[in-house]
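Asker: just need the structure, nothing else, for what follows:
(one chain, ligands or ions: 1)
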Amino acid sequence: MVHRLRGLGISVHGLEAADGVGGTWFWNRYPGARCDSESYYYCYAFSRELEQEWDWTERYPGQAEILSYLEHVADRFDLRRSFSLSTTVSSASWGGDRWVIDTEGGERWTCRWLVTAVGCLSSANVPDIPGLASFAGEWHHTGQWPHEGVDVTGRRVGVVGTGSTGIQAIPVLAASAAHLTVFQRTANFSIPARNAPLSTSEAAGYKADYAAIREVQQASTNGHPFVVSDVDTLALPDDERRALFQRAWERGGLRFRAAVRDVLTDPAVNDETSEFLRSKIRSTVDDPEVAETLTPRDHPFATKRPPIDTDYFETYNRPNVSLVDVRADPIEAVTRDGVRLASGAEHPLDVLVFATGFDALSGPLLRLGLRGRDGVALADAWAEGAATYLGLGVAGFPNLFTITGPGSPSVLTNMPTSIEQHVEWIADLVAHLRAHDLDAEPTPEAQARWADHVREAADATLLPQAASSWYLGANVPGKPRVFLPYAGGFARYRGMCDAEAAAGYPGFALRSRRRAA
Ligand code: N01
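Answerer: You can find the predicted model right below:
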């Protein structure tokens, strides 16, 4: 965004809480942290030179490699001079004709346009468990992992949470811990990632093919360069259907979904797919009781964000790993020595890891302390749940634009693709506002229509069936239940954003600054 606005000749400055660049990849340094999108397309597309000069080394990039890439981008485009690091925004208020931003360090910034790039998954959700402060060992949330690392060699480690993060961290922690106890509340589906080094010829092939790869991404439902199969899996004989699932399983990763048409819209297709994945858990995990506890039965496959893994289910065959079902026997307290369950069972621990996710999508924006027209706090405007127009702006908050905000495809897509689409769209809007000396904010009518459409788009899929999903805000106690991301597909969404711009932004109230002055 900074690069793009600079290109328009606009004075731009970035405020960043961390003391380095990298965002999610700066903070999430837990053991096993790796991207679920493949490296050749989990990257920027705005610079052909950048695409060609950067060499990815693995099918899925690890945290350290992505962080080096982002540091390279910051240097390559000379971005650091436009950022203040270690600068946490404490509040931002619309002052009538500009935004006034205060930081925790006592600085004050003003700007005409405020663009948020705070990410969707940056507000750590640490469960409020009685006694945590009394724990004599060390505890960490995966999204705030110590930069010096945590040596678990020979120690007793507990992990709470079996989402994408827990599923990545558990096998790596188990390899060095004396004992690993996994506290599972909801069993999850997971597909083998099948990570491997990227060969020179594969990497060269991707580089030669980027124009076509980007085209497929732009036309896709979720920003991944996968063409969704047109095979009607239900029409196949059982053995052929299983063979299709098996081939997709062997190829691994998020592209498993692309092999199964209608998996998120047709319950019968989803049932077949979910049953195939459950059979894989049974055939991988030696102890049938442990396998049953690990088998998801409360939500259809992919209605919660589907994790991908390296040896996740295999890890439960290790003698130093135990699984505790905290749905059956909930965590009652953290004690000085470990975790105590409602039954009174005690699990002594030296290290406790919370892989418990985030106050997703709305949380990072609420933390900014935003106040719009008439001093209305975003927290009040969103008391019934986050509402935006196109996920790009909020009624009552002039000249505020939200990269991958709630109500946009964001977390249902390959994030760099959605981020770039928003950056381009916001840059065009800002150029329009500057050219015509206008302020802009979504109209309440457009925002209400969009909220209806976001709901309809989710209801046309099986996604709302996952009752405990963070897509719905269900993972944070007291958070309003609203389906937050837009599930209507990336290409369709991009078309709607383009149409909004082409029509002169009819969903926005555009006010002349001259008249206001
Ligand atoms: O968080 P999650 P995450 N007691 O919310 C459990 C992205 N990501 O950090 O399902 C006990 O998915 C909770 O249980 P339940 C990706 O988009 C990407 O794993 O609520 N358990 C669940 O098992 C992902 O989806 C990548 O019943 C508690 C877990 O903690 C998103 O980040 C890698 C609990 C939280 O799972 C978030 O994933 C990792 C409690 N009080 C993540 N509270 C890559 O691309 C929560 N849980 C690499």
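
Asker: the residue of the stretch 351-500 of the chain found nearest the ligand: neighbour count?
Answerer: Nearest residue of the stretch 351-500 of the chain to the ligand (Cβ to the nearest ligand atom) works out as G357 at 2.4 Å. Where you see a C-beta, it was placed from the backbone N, CA and C, and this is true even at glycine. For G357, the neighbour count with other Cβ atoms under 10 Å is 24.

Asker: can I assume it is in contact with S123?
Answerer: No. With contact defined as Cβ atoms under 8 Å, G357 does not reach S123; the gap is 9.8 Å.

Asker: sorry, back to before: for the residue of the stretch 351-500 of the chain closest to the ligand, give me its contacts.
Answerer: By Cβ atoms under 8 Å, 6 or more residues apart in numbering, the contact list for G357 reads 121, 125, 161, 163, 165, 470, 475.

Asker: point me to the residue of the stretch 201-350 of the chain nearest the ligand.
Answerer: Nearest residue of the stretch 201-350 of the chain to the ligand, counting by Cβ to the nearest ligand atom: R305, 3.3 Å away.

Asker: for the residue positioned nearest the centre of the chain, which three-state class applies?
Answerer: In the chain, the centroid-proximal residue (Cα atoms, centre = their mean) is V411; its distance is 4.6 Å. Per DSSP: H, G, I helix; E, B strand; the rest coil, the local secondary structure of V411 is helix.

Asker: for V160, phi and psi?
Answerer: phi -100, psi 120 (degrees, to the nearest 10).

Asker: mind checking pLDDT for it?
Answerer: Looking at V160, its pLDDT reads 98.

Asker: so what's it closest to, chain neighbours aside?
Answerer: For V160, ignoring the flanking residues on the chain, the nearest one in space by Cβ to Cβ, 6 or more residues apart in numbering is F183 at 4.6 Å.

Asker: which element is the one you found on?
Answerer: Using DSSP states H and E, F183 maps to strand 179-184.

Asker: packing partners of the following helix or strand past that strand?
Answerer: Per DSSP H and E, strand 179-184 leads on to strand 191-192 as the next helix or strand towards the C-terminus. Judged by 3 or more Cβ pairs under 8 Å, 6 or more residues apart in numbering; DSSP states H and E, strand 191-192 is in contact with strand 308-309.

Asker: and the helix or strand hosting A446, average pLDDT?
Answerer: If you go by DSSP H and E, A446 is part of helix 444-459. For helix 444-459, mean pLDDT rounds to 98.

Asker: and that helix, which residues are buried?
Answerer: For helix 444-459, a neighbour-count test (16 or more other Cβ atoms under 10 Å) marks 446-447, 450-451, 454, 457-458 as buried.

Asker: need those in TSV (columns: distance to the ligand).
Answerer: Below are the buried residues of helix 444-459 laid out as TSV (distance: Cβ to the nearest ligand atom, whole Å):
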residue	distance to the ligand
A446	28
Q447	25
W450	23
A451	23
V454	18
A457	18
A458	16
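
Asker: between those, which sits nearest G504?
Answerer: Distance to G504 across these (Cβ to Cβ) is lowest for A446, with 13.1 Å.

Asker: can you get me a residue count around the closest residue to that closest one other than its chain neighbours?
Answerer: Once flanking residues are discounted, A446 sits nearest to G507: 3.3 Å by Cβ to Cβ, 6+ apart. G507 has 20 neighbours, counted by other Cβ under 10 Å.

Asker: so how far is the ligand from G507?
Answerer: For G507, the distance to the ligand (Cβ to the nearest ligand atom, to the nearest Å) stands at 28 Å.

Asker: repeat for G9
Answerer: 35 Å.

Asker: now swap in G7 and tell me
Answerer: In this view, G7 and the ligand are 29 Å apart by Cβ to the nearest ligand atom.

Asker: got the residues of the chain near the ligand?
Answerer: 34-36, 121, 127, 160-166, 168, 185-186, 305, 326, 331, 355-358, 411, 468, 470, 475 (Cβ under 6 Å from any ligand atom).

Asker: so of those, which ones are in strands?
Answerer: In strands, judged by DSSP state E, the following of the residues of the chain next to the ligand are found: 160, 331.

Asker: among the residues of the chain next to the ligand, which are in helices?
Answerer: Judged by DSSP state H, these include 164-166, 168 as members of helices.

Asker: of those, closest to A64?
Answerer: Q168 (14.0 Å).

Asker: any weak-confidence spans in the protein?
Answerer: Residue ranges of the chain with pLDDT under 70: 515-517.

Asker: biggest helix in it, by residue count?
Answerer: The longest helix of the chain (DSSP H) is helix 415-436.

Asker: isn't W382 up against G363?
Answerer: No. Contact between W382 and G363 fails when scored by Cβ under 8 Å: they sit 10.7 Å apart.

Asker: and the two? which has more neighbours close in?
Answerer: Applying other Cβ under 10 Å to W382 and G363 shows that G363 carries more neighbours, namely 23 against 19.

Asker: contacts only, for the more buried one.
Answerer: So G363 contacts 122-123, 125, 476 (Cβ under 8 Å, 6+ apart).

Asker: same thing but at 6 Å, please
Answerer: G363 sits next to S123 when contact means Cβ atoms under 6 Å, 6 or more residues apart in numbering.

Asker: can you give me the strands in the stretch 201-350 of the chain?
Answerer: 308-309, 321-325, 331-334, 338-341, 346-348 (DSSP state E, counting those that start in this stretch).

Asker: among the ones you listed, which is nearest R155?
Answerer: strand 346-348 (10.9 Å).

Asker: in that closest one, what counts as buried?
Answerer: H347.

Asker: likewise for stretch 375-385?
Answerer: So for stretch 375-385, counting by 16+ other Cβ under 10 Å, buried means 378, 381-382, 385.

Asker: which residues does the spatially closest residue to T413 that is not a sequence neighbour contact?
Answerer: Closest residue to T413 apart from its sequence neighbours, by Cβ to Cβ, 6+ apart: G223 at 3.7 Å. Residues in contact with G223 (Cβ under 6 Å, 6+ apart) are 217, 413-414, 417-418, 490.

Asker: 8 Å - rerun?
Answerer: G223 sits next to 217, 409, 413-418, 490 when contact means Cβ under 8 Å, 6+ apart.

Asker: what about it, distance to V269?
Answerer: Using Cβ to Cβ, to the nearest Å, one obtains 22 Å as the distance from G223 to V269.

Asker: ok, residues contacting stretch 71-82?
Answerer: Counting by Cβ under 8 Å, 6+ apart, residues outside stretch 71-82 touching it are 2-3, 6, 12-14, 20-22, 44, 47, 50, 54, 83.

Asker: kindly report the same for stretch 238-246.
Answerer: By Cβ under 8 Å, 6+ apart, stretch 238-246 touches 231, 233-234, 236, 259-260, 272-273, 276.
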